[in-house]
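>>> missing the sequence, but the structure's below:
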């Protein structure tokens with residue numbers, strides 16, 4: 001009889017996260033800060049590359065940016081940083097399988113979210129004050145992306161948030177279930193490329209791009225960039241990501257493997 005790889009992986013992940021959270025909130029916070037920062041680093045590099053590509057061949061930045069951004073998620077999964085959107089899958093599945101209490105899972109998720117934001121703000125400030133970003137304007141690639149996202153309705157943000165975290169957790173599941181490291185990397189990059197290319201809404205990615213723009217000289221030129229609208233956007237994105245990663249990926253895979261002896265993951 002085949003044995004599930006998924007359930008032991010979920011159990012181990014939930015126990016590891018809960019143990020670290022209980023024994024050292026400082027270490028859990030720093031791992032979460034790293035996740036926010038890693039995505040901001042790849043966002044920062046990708047946005048400048050997109051601007052350069054667009055000057056050479058207009059429109060090509062849209063193809064280049066997702067590829068560079070995707071490496072930030074690769075850094076997170078290979079270097080054991082704590083990302084809110086992947087935790088939505090792990091903790092939802094763990095709750096369903098009774099590997100972690102739902103109240104503790106929610107507490108960890110919110111704690112991780114806050115420190116992902118802190119990491120993005122720190123890295124965003126650094127990038128905004130760097131030489132590469134000295135000339136940022138409302139016409140720059142990253143400014144356009146942020147402005148476009150902030151103009152979206154709640155309904156569209158919710159849908160885009162669901163789609164984004166389905167893609168992200170396809171990447172996470174691939175990393176968890178596939179054995180070969182090279183295959184893991186290609187699968188992670190492919191899924192992340194797709195959601196970014198489609199401009200879906202990912203909470204930590206939005207922390208990154210919004211933070212860079214907020215601390216830059218272009219902030220005053222970006223429309224709808226008030227704190228109220230930003231918080232609205234992040235709140236709806238959080239819910240959409242939770243549905244996509246938790247309810248549509250984590251929960252079904254937990255259900256697939258619970259009390260199953262033949263067709264397991």
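Alright, I've got the coordinates. Since this is a predicted model, take the numbers as computed values, not measurements.
>>> all contacts plus neighbour counts: C-alpha atoms, from now on.
Fine.
>>> since we're on residue 66, how many residues are nearby?
By other C-alpha atoms under 10 Å, the residues close to residue 66 number 25.
>>> gap between the residue nearest to it when sequence neighbours are not counted and residue 169?
Leaving aside its chain neighbours, residue 66 sits nearest to residue 193 (4.9 Å; criterion: C-alpha to C-alpha, 6 or more residues apart in numbering). To residue 169, residue 193 is 13 Å away according to C-alpha to C-alpha, to the nearest Å.
>>> and what of residue 247?
Counting by C-alpha to C-alpha - residue 247 and residue 169 are separated by 11 Å.
>>> Residue 210 and residue 20: what is the separation?
As judged by C-alpha to C-alpha, residue 210 and residue 20 stand 29 Å apart.
>>> These two: which has the busier surroundings?
Higher neighbour count among residue 210 and residue 20: residue 210, with 26 against 15, using other C-alpha under 10 Å.
>>> Next secondary structure element downstream of the strand or helix carrying that one?
Assignment of secondary structure by DSSP states H and E places residue 210 within helix 203-214. Sequence order places helix 227-241 as the next helix or strand after helix 203-214, per DSSP H and E.
>>> and the next element down the chain from that next one?
helix 251-257.
>>> ok now that next one, how far from the chain's centre?
22 Å (C-alpha atoms, centre = their mean, to the nearest Å).
>>> List of residues touching that helix?
Helix 251-257 is contacted by residues 4, 6-7, 89, 92-94, 96-97, 263-265 when judged by C-alpha atoms under 8 Å, 6 or more residues apart in numbering.
>>> Could you single out the nearest of the residues you listed to residue 124?
Comparing the contacts of helix 251-257 against residue 124 with C-alpha to C-alpha places residue 89 closest, at 26.4 Å.
>>> What is the end-to-end distance of stretch 174-186?
End-to-end for stretch 174-186, by C-alpha to C-alpha: 10 Å.
>>> how about the contacts of helix 251-257 in TSV, adding distance to residue 153?
Formatted as TSV, those follow (distance: C-alpha to C-alpha, whole Å):
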residue	distance to residue 153
4	41
6	36
7	37
89	25
92	27
93	30
94	32
96	32
97	35
263	41
264	39
265	37
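>>> mind listing which of the residues you listed are in helices?
6-7, 89, 92-94, 96 (DSSP state H).
>>> Remind me which helix or strand residue 104 belongs to.
Using DSSP H and E, residue 104 maps to helix 102-128.
>>> tell me which element residue 201 is part of?
Assessed by DSSP H and E, residue 201 sits outside every helix and strand.
>>> Let me fix that, I meant to ask about residue 63.
helix 61-78.
>>> Show me what that helix is packed against.
helix 25-56, helix 181-197 (3 or more C-alpha pairs under 8 Å, 6 or more residues apart in numbering; DSSP states H and E).
>>> Mind checking the pLDDT average for the last one?
Okay, so that is helix 181-197. What helix 181-197 shows for mean pLDDT is 97.
>>> Now do the same contact list for residue 230.
Each residue near residue 230 by C-alpha under 8 Å, 6+ apart is listed here: residue 150.
>>> Please disregard the earlier target; I meant residue 108.
17-18, 21.
>>> so which of those comes closest to residue 153?
Once C-alpha to C-alpha is applied, the member of these that ends up nearest residue 153 is residue 17, at 34.3 Å.
>>> As TSV, the contacts of helix 251-257 with pLDDT would be great.
Converted to TSV, the contacts of helix 251-257 look like this (pLDDT from 0 to 100):
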residue	pLDDT
4	87
6	94
7	95
89	98
92	98
93	97
94	97
96	97
97	96
263	93
264	89
265	90
